[in-house]
Structure formats: C-alpha cells, structure tokens
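# Provided below are the primary sequence and the corresponding predicted coordinates.
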Amino acid sequence: MAKESFDKEIQFLRMLTLTSGAYSRQQFADRLGISVHTYDKTLKRLKEVVSSVHQQLPAEQSKELAETIRFNYFDTTDPLLLFLFRAKSLKESESERISLLLAAVSDQARTAMELLDICYASLPEEQALPDEKTVRSDLKYLEQVGVIRKVPGPRPYRYRLHTDWLTELTEDEWLDLYDFVDVMANTQVPSLHGYLLRDSLKKRLLRNKVDQEALGAFLYKYHYYSRLLDEAHLFTLLAAIERRKYVTFLYFTPKKNKSYASRNTNPLFERDSEGVLERALPLKVVYDHQYGRWYLLAYHARHNFRKYRLEGVTQIAEDGEPAPAALFEQKLDELEEKIAYAWLIDTGRPVTVRLRFFNPGDGLPNFVKERVLHQGQWGAIVQEDESSFLYEIKVNGTLEIKPWIRSFGSSCEVLEPILLRQEMIEEWKELKSYYESV
C-alpha cells in the first residue's frame, strides 16, 4: 500500500524523546533544522494524530502527546511510531476503500466485480472511483496479509473475511494470544507489525470489558525509541534489496548539528542543507542490539561500500532500474567477505582478541560463562580451570567489541592485543577517578 513520508515527524519525535523537554522551542527548531513556526505546526499536527487515534477509547484511556512520550518504565508501553504510522501509512482514499471492501466480505463471499459495484454505489461521487485493476490489487494485498481468503469453487473467485478461527477462541485464549504477541513485540526485531497486532488485540479485549490489569501481565519492555522509529525505513530498504533497486536519500551523519531538512518547493527560500544527498545500492541491513540502532550497508559507485545509520536517513526513495544480478551478487559477496570477522559491521584489519573471564564464587551458577557462550559469536574458550577461562576471537578491529568487554566489569581481563589492554586500563583509571574522595 502507498505509504506517505513522515521523516519530519520521526525526527521530531526522536528529538522530543531524547531531550525530554530540556530544549526551548528555538533550540529544538535549530537542532532539527526547521523554523519555530514549523515546530509549532508539527507539534499541533502530532497532537491531532494522537487524539484521532485514541478518539474511540473511553476518556480514562485516551492520551495526550505528553503522556505518550513518558519515560516511566512501566507506563511507556505504546511505541512512538505506532500512532504516527497508523495515522499516515495509508492514503485517505485507500483507507475508505479497504474499509468498504472488508465490510462487504464480512457477511458473505463476493467476487471482485461485485465489490467494484459496491465501491461505485458507496463511495462519494466527488472522490476518484477505483477501477477493476485497483480492486483486484487490493484483494490480492488483503489475501497476502491473511485478512481475507478465497472461497473454494469455480471462477470467478469469491472472497470473504478470514476470521473463522478468531470466533472459536475463548476469552482466556484471547488473553494468552495477547500476552504472547506482547512479549514477542517487545523482545524481537523488527517490532512494528507486532505492535500493530498487539494494539488491535488490546482494543478487541477492551471492547469485551476485559479487566485492564489483566493486560499488564508482563512489565518487561525492550524499548529503544530509535529502533522503532527507524523501522519506518526498514521495509522500504528490504524491498529495495529484494528487487536490487538503487535508493536515493538525504543523509545526516551523527556528527551533524542538524537531523532534518525540509523539501523546499519555492526556489526563493531554497537553502543549503547540512545533509548529503546519497545514491546507493542497499545490500544488507544490520541491527545493533547493544545500542538499539539499525545500519544500512550499501554499495556506493564512488566509495565502494558505505555504512549508514538509519536514524540519519530521510527522504528515501527507489531510483532507476534494478542493478544487474551479477553486479549485486558480486558486491554482496565482497561485503560478506569484508565483514566476515566483524563484531557488527566493522571492515577494519582483523585482530585476535584474548580475554580472561573469572568465574563467580563457589556455589554460584556460572552466569559469566553462560553469557560468553551465548553472546560470544564465533569465539571459543581455549583454556579453562576452576577460577577462570580464556576466550579467543578474531574480529575486525576492537572498537565494536569494547562495549561488550566493558559490560563484564571486573569479571573480564583483556590479555591481547596490548593496545586494547592499555586502552581498557586508561578507561578504568578514568572511571576510578570519578569516585575518589572530594
């Protein structure tokens, strides 16, 4: 379905969340690269979106924008992108047409031509009426996502709503389904569609007067706001990779003072942007669990391979004809070879890292070893005794593995390379100085 671009709102929400009200209107607008007037308009628009999304809920469950971005660990259950995506993911004409099609096939099976006649009879005359190709495209999409199904029988095919299994669930099974979706949406990536499903299940349960407390059985929330906001670009990139299509986008590196630039349609007000216009062939999308960031690895005609953080990508669009299959496969193989020893996406010179991990005290479960075996990727334990074990891994550079090493605290000692050992010593000395007596 046609998605509208909402780069400005995504960057606005990211900044609003990270600053948590620390910026004035002028500072916020300057950092985002927009005017104060645009800031006010965007904030007003987001409040309208929130109110429209929650207008069907009871008054005690409706939300203001300020409540939506709370940092309370237990209360922040609805991701920021969710209400924005739902409000802008479909054009208004598409939303009306699809709603009409779903209502028509909910009570009986109908053919495409019957549904076309219903559209002609029900949609306003001033609105552009769909043709047969559009209706069949909608039906194909709805069938692919499992909302409708073909009824067995001869042509012409008849379609009806695919909800038979839902009517057979008991209330306890509905709650179990909601809890499962809730846990998966909060712990797996990508999560956007899981949150949309969870939200739909929640509305259905609330309509059936389910106890509100029963919907909060799980308090663990795996939220990185950037991760969820960046998923708006994720599926566009995955589709481009599947079709071997080049993409163009305006990119803002993490070092830039700006994170957004408006599209100026009036040449009198055109100004230089701090972003860089890029054209690249997407090859791979990587997620960093350590910091909750998405990365795009792409082939660039001038720089060979480039890495982009999705939080800096705006105005993304497919461009030109698909790349030749031979070129795509060649560049993908070259990239895989370069990141074969990358802890994440580093393409630097491979180096062997040797670490000594210390086991917990007597009688305690060896959670250190369990974590190393679980998270240590292709590394291996090469030596072990009662008090410690040696772990070796070959990685491209040491920058990306350092946070993981640091997270073990005093349970880990760097043995090699010497340069990494010295860097860790200096870092721990700096930390120690913070806690010295005043």
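Cool, got the structure. Numbering: from 1, shown residues only.

# quick one, strands of the chain?
110-111, 148-151, 158-161, 246-251, 276-288, 293-300, 304-309, 313-319, 350-358, 380-384, 388-396, 412-416 (DSSP state E).

# make a markdown table out of those and add mean pLDDT and mean neighbour count.
Glycine gets a C-beta too; all of them are placed from N, C-alpha and C. Converted to a markdown table, the strands of the chain look like this (pLDDT from 0 to 100; neighbours: other Cβ atoms under 10 Å):
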| stretch | mean pLDDT | mean neighbour count |
| --- | --- | --- |
| strand 110-111 | 90 | 18 |
| strand 148-151 | 87 | 17 |
| strand 158-161 | 88 | 19 |
| strand 246-251 | 90 | 20 |
| strand 276-288 | 91 | 18 |
| strand 293-300 | 92 | 21 |
| strand 304-309 | 91 | 16 |
| strand 313-319 | 86 | 18 |
| strand 350-358 | 95 | 17 |
| strand 380-384 | 93 | 12 |
| strand 388-396 | 95 | 18 |
| strand 412-416 | 94 | 17 |
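
# which one of those lies closest to H233?
Closest to H233 of the strands of the chain is strand 313-319 (Cβ to Cβ; 5.6 Å).

# contacting residues around that closest one?
Under the contact criterion Cβ atoms under 8 Å, 6 or more residues apart in numbering, strand 313-319 has outside partners 5, 7, 11, 230, 233, 236-237, 240, 243, 245-252, 260-261, 263, 275, 279, 296.

# how close does D346 sit to T134?
Distance of D346 to T134, given as Cβ to Cβ, to the nearest Å: 47 Å.

# neighbour count for these two, which is higher?
D346 (19 against 16; other Cβ atoms under 10 Å).

# next one: the more buried one from Q330, what distance?
22 Å.

# got the contact list for the residue most central in space within the chain?
When Cα atoms, centre = their mean is applied to the chain, the residue found nearest the centroid is E231 (2.7 Å). Counting by Cβ under 8 Å, 6+ apart, E231 touches L81, P190, S191, L192, W294.

# tell me the confidence at it?
E231 is assigned 84 on the pLDDT scale.

# just for the stretch 301-438 of the chain, where's the confidence low?
438 (pLDDT under 70).

# could you do the stretch 51-200 of the chain as well?
Per-residue confidence for the stretch 51-200 of the chain (pLDDT under 70) gives these ranges: 51-95.

# let's see it at 80
Scanning the stretch 51-200 of the chain for pLDDT under 80 picks out the ranges 51-96, 123-129, 145-146, 163-167.

# what about the helices in it?
For the stretch 51-200 of the chain, the helices defined by DSSP state H, counting those that start in this stretch cover 65-68, 80-88, 92-107, 112-122, 132-144, 164-167, 171-187, 192-207.
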